[in-house]
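[1] Need a 3D model of the following:
(chains A and B)
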Amino acid sequence: MNNGCLSITEYKRKIFATKSYLREKDISGCGLFGVIHRKREKLSGQIAIDAIAVQHDRGNGLGGGFAAYGIYPELANQYALHLMCDDQTALDRAQEIIKQYFVMHLSEPIPTRKTSGVINPPVLWRIFVHPRLDRPAWVHLNDDDYVVAVVMLVNKQVPGAYIFSSGKNMGAFKGVGFPEDIGDFFRLDEYKGYIWTAHNRFPTNTPGWWGGAHPFTLLEWSIVHNGEISSYGINSRYLCQHDYECTLMTDTEVVAYLLDLLIRKHGLSKQMASKVFAPPFWDEIERMDEEEKEAYTALRMVYGSALLNGPFAILFSDGKSLTGLNDRIKLRPLIVAEKDELVFMASEDCSIRSVCPEPDKLWAPKAGEPVIVEVEG
Amino acid sequence: MKSKLVIDAKGIYYRDLNERIRQAVKEGVKEFELLNVSGQRYIGTALDGEIKFLIHGVAGQDTAAFMRGPYMRIEGNAQDGLGNTMDDGFVSCTGMAGDVMGYAMRGGQIHIHGDVGYRVGIHMKAYKDKLPVIVIGGKAGDFLGEYMAGGVIILLGLFSQDKDAPIAGRSLATGMHGGTIYVREYVPEYQLADNLLVEKADDEDRKLIEKYVRRFCEEFDEDIAKILDTDFLRIKPKSHRPYGKLYVG
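    Coordinates of the predicted model:
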């Protein structure tokens, strides 16, 4: 590509030529927006586009993206794989692998429209799949783990292709550009979802590339992040022991995999996982009653390597909830607002009010205290 | 040219909005009313002299930064960095304000009716006749008055959205080496940083508190008697060089 960003092939050549422990992470200053309807009523993607557009100056045009839940109701039982590929050859190679492991229901281009703000997009494709009965490998894994294994395989083995979304009835849409342009490009105004998150990126340490934009997703997990995970090294080594390989050179990736490990695999609640990421200080634990003290001490001892150090505000979803969390000394902004069954979360007050002028309640959550909103039923 | 200008800021990019304001100031406009402000940054930055602003909506990052003189009333909320390095003048906000409000502020007053975010008043300083003052009607987040070098912060804790929160967050006045923080009634000791002198405010202190709380009440139409009907704590640093020996020996 000629607009100063790396192609997927160039990017992968660079990352896999580097020993995993030497891979650099990215730092960014960024804008976030998220909305959830507690009763699963669907909202147009235009809301997410409008709200993140207000935070235009929190990004620099090197990354914008969205995650949307409830957008594929007719194919809700299939895993929706979203791929970005340098060219048709890369897509063909990725499809060959996917065919070996999955039954493919539908394979089609992701609809886009030409917009002046999005230059030289890669080939964007989506495939709706479920695992084959006669699996060529990983027969002992459950369906979700099997999907994770194939996603990691394609992302590692096909030089010019990258699966950036793999959940059911949800999808990530992202790329190099300002988020309002990326939203327009992916025609998100034509989608309806009951949870939306949006991200405006300001990368400072690494070149922009399409895969480096937020959200980062795995299965139904999606995360958008403003800040810098200084503990990236220890987090990624911890994840490596559990078969998650960090390949995106972007610190946020570790949070997506940690969510999957802690919540889906280890069965922690979202509240507890949030307290692993942003634990109470030892002096606060000292003042707790015995039971709490024991619980938090255990959590810090067992999951010390999953603590996220550094400034962050993150929004994450699993399709059934939306959670907002700050680092424990609040080095990045986060505002939450409620209006009837809707809950909004954003880096800036004005972003929420641009789509919900008169919320019932609007506040800045405390550092390290997650705001967890679940959908009903 | 009229002496008052009303601008509907809806959909106006912050640079264009500030350009219009600065141009109008050059042409002699003394009073501005800004409608539908939606996070536009830097409003009033570095403006000098007797100018009045009435802002409706959400004032964006670094509103009133480096401001020297103007009066600004925000009917709504203010985002992060309000009054950054403000030099003189008066800012009031009827709602809540974000993080690092009054960062390195060196003069003038900021009055917030509701809650404020984290690191408010960080590195405020006073010099000769310059005395920056912040009055907070609600509660404050962690690190209030961090590295504070001078000036006055008055924390009332009365008009908060959060009934359960302590009046100030943890690490209150970390690294403070000048100035004074007054807290209405009580703050738990574990919220305080080390090396601070915490005493009951005396008559001299109460005179100063009354002066600024009176202004707060005029601005927000609150009852001064109710606010002053109890004790205040005075927080001062034990030393003006709390870290003088941190890297020695």
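
[2] Output the set of residues of chain B in proximity to chain A.
    B:14, B:38-39, B:41, B:57-58, B:60, B:77, B:79-80, B:96, B:98-99, B:115, B:117-118, B:141-143, B:161-162, B:165, B:169-171, B:190 (CB under 8 Å from any CB of the partner chain). Just so you know, the C-beta spots here come from the backbone N, C-alpha and C atoms, and that holds for glycine as well.

[3] what sits opposite A:Tyr79 in the beta ladder?
    A:Val129, A:Lys168 (DSSP bridges).

[4] Contacts only, for it.
    Residues counted as contacts of A:Tyr79 (CB atoms under 8 Å, 6 or more residues apart in numbering or on different chains) are A:102, A:128-130, A:147, A:166-168, A:219.

[5] What is the nearest of those residues to chain B?
    Within the contacts of A:Tyr79, proximity to chain B (CB to the nearest CB) peaks at A:Gly167, which comes in at 31.8 Å.

[6] The lengthiest helix in chain B packs against which elements?
    For chain B, the longest helix by residue count, based on DSSP state H, is helix B:203-220. For helix B:203-220, the packing partners by 3 or more CB pairs under 8 Å, 6 or more residues apart in numbering or on different chains; DSSP states H and E come out as strand B:109-112, strand B:133-136, strand B:149-155, strand B:178-184, helix B:224-227, strand B:232-237.

[7] How confident was the prediction at the residue nearest to B:Leu192 when sequence neighbours are not counted?
    Of all residues beyond its chain neighbours, the one nearest B:Leu192 is B:Leu172 (5.0 Å), with distances taken as CB to CB, 6 or more residues apart in numbering or on different chains. Looking at B:Leu172, its pLDDT stands at 97.

[8] One more: the one 3 residues further on?
    The model reports B:Gly175 with a pLDDT of 94.

[9] now do A:Ser28
    Reported pLDDT for A:Ser28: 45.

[10] Tell me, what's the model's pLDDT at the residue of chain B found nearest chain A?
    When distances are taken as CB to the nearest CB, chain B reaches nearest to chain A at B:Gly39, 2.8 Å away. Residue-level confidence at B:Gly39 comes out at 96, pLDDT.

[11] Could you report the neighbour count for it?
    25 (other CB atoms under 10 Å in any protein chain shown).

[12] Next: B:Ile43.
    The burial count for B:Ile43: 27, using other CB under 10 Å.

[13] again with A:Val148
    Counted with other CB under 10 Å, A:Val148 comes out at 22.

[14] right, and it touches A:Asp260 too?
    Yes. Between A:Val148 and A:Asp260 there is a contact under CB atoms under 8 Å: 7.4 Å.

[15] still on that earlier bit, show me how far the longest helix of chain B is from its chain's centre.
    15 Å (CA atoms, centre = their mean, to the nearest Å).

[16] Check stretch B:42-53 too.
    16 Å.

[17] Near chain B, which residues of chain A are found?
    Near chain B, when you scan chain A using CB under 8 Å from any CB, you find A:54-55, A:57, A:281, A:283-284, A:287, A:329-330, A:333, A:348-351, A:353-354, A:361-364, A:366-367.

[18] Tell me the buried residues within those residues.
    By neighbour count, with 16 or more other CB atoms under 10 Å in any protein chain shown, the residues of chain A next to chain B hold A:54-55, A:57, A:284, A:329-330, A:333, A:348-351, A:353-354, A:362-364, A:366-367 as buried.

[19] give the contact list for residue 219.
    This is for chain A. Counted by CB under 8 Å, 6+ apart, A:Leu219 has contacts A:79, A:144, A:147-148, A:166-168, A:260, A:264.

[20] My question was about chain B, not that one.
    Per CB under 8 Å, 6+ apart, neighbours of B:Glu219: B:73, B:92, B:111, B:113.

[21] Tell me the most packed of the residues you listed, by neighbour count.
    Going by other CB under 10 Å, B:His111 tops the contacts of B:Glu219 with 25 neighbours.

[22] For that one, name its beta-bridge partners.
    Listed beta-bridge partners, B:His111: B:Ser92, B:Val135 (assigned using DSSP bridges).

[23] Report the contact partners of it.
    B:90-93, B:134-135, B:137, B:215-216, B:219-220.

[24] Relative to B:Met101, how far out is it?
    11 Å (CB to CB, to the nearest Å).

[25] Overlap of the contact sets of the two?
    B:Ile134.

[26] which element is B:Glu199 on?
    Element membership for B:Glu199, per DSSP states H and E: strand B:196-200.

[27] Neighbouring strands - and their directions - for that strand?
    So strand B:196-200, judged by DSSP bridges, has these partners: strand B:232-237 (antiparallel).

[28] could you give the mean pLDDT of the strand it pairs with?
    The model assigns strand B:232-237 a mean pLDDT of 98.

[29] quick one on the thing from earlier: in contact with the residue of chain B closest to chain A, which residues?
    With CB under 8 Å, 6+ apart, B:Gly39 has these contacts: A:54-55, A:348-351, B:58-61, B:79.

[30] Show only the entries of those found in strands.
    B:58-59 (DSSP state E).

[31] Tell me the one among the contacts of B:Gly39 nearest to B:His240.
    B:Gln61 (31.4 Å; CB to CB).

[32] Isn't the closest one up against B:Tyr42?
    Yes. Here B:Gln61 reaches B:Tyr42: they are 7.5 Å apart, a contact under CB under 8 Å.

[33] Have a look at the two and say which one is more surrounded.
    With neighbours defined as other CB under 10 Å, B:Gln61 and B:Tyr42 compare such that B:Gln61 has more, 25 against 21.

[34] Tell me the confidence at the closest residue in space to A:Lys330 that isn't next to it in sequence?
    With CB to CB, 6+ apart as the criterion, A:Lys330 has its nearest non-adjacent residue at 3.7 Å, and that residue is A:Ala367. Looking at A:Ala367, its pLDDT is 96.

[35] I figured A:Ala367 hits A:Arg328, correct?
    Yes. The criterion here is CB under 8 Å, and A:Ala367 meets it with A:Arg328 at 5.1 Å.

[36] anything in contact with each of these two?
    A:Ala278.

[37] quick one: contacts for the closest residue to chain B within chain A?
    In chain A, the residue that lies nearest chain B is A:Cys350 (2.8 Å; CB to the nearest CB). By CB under 8 Å, 6+ apart, the residues touching A:Cys350 are A:54, B:38-39, B:57-58, B:60, B:79.

[38] Inside helices: which ones of the residues of chain A next to chain B?
    Per DSSP H, these map to helices at A:283-284, A:349-351, A:353-354.

[39] got the buried residues for stretch A:116-133?
    A:118, A:121-131.
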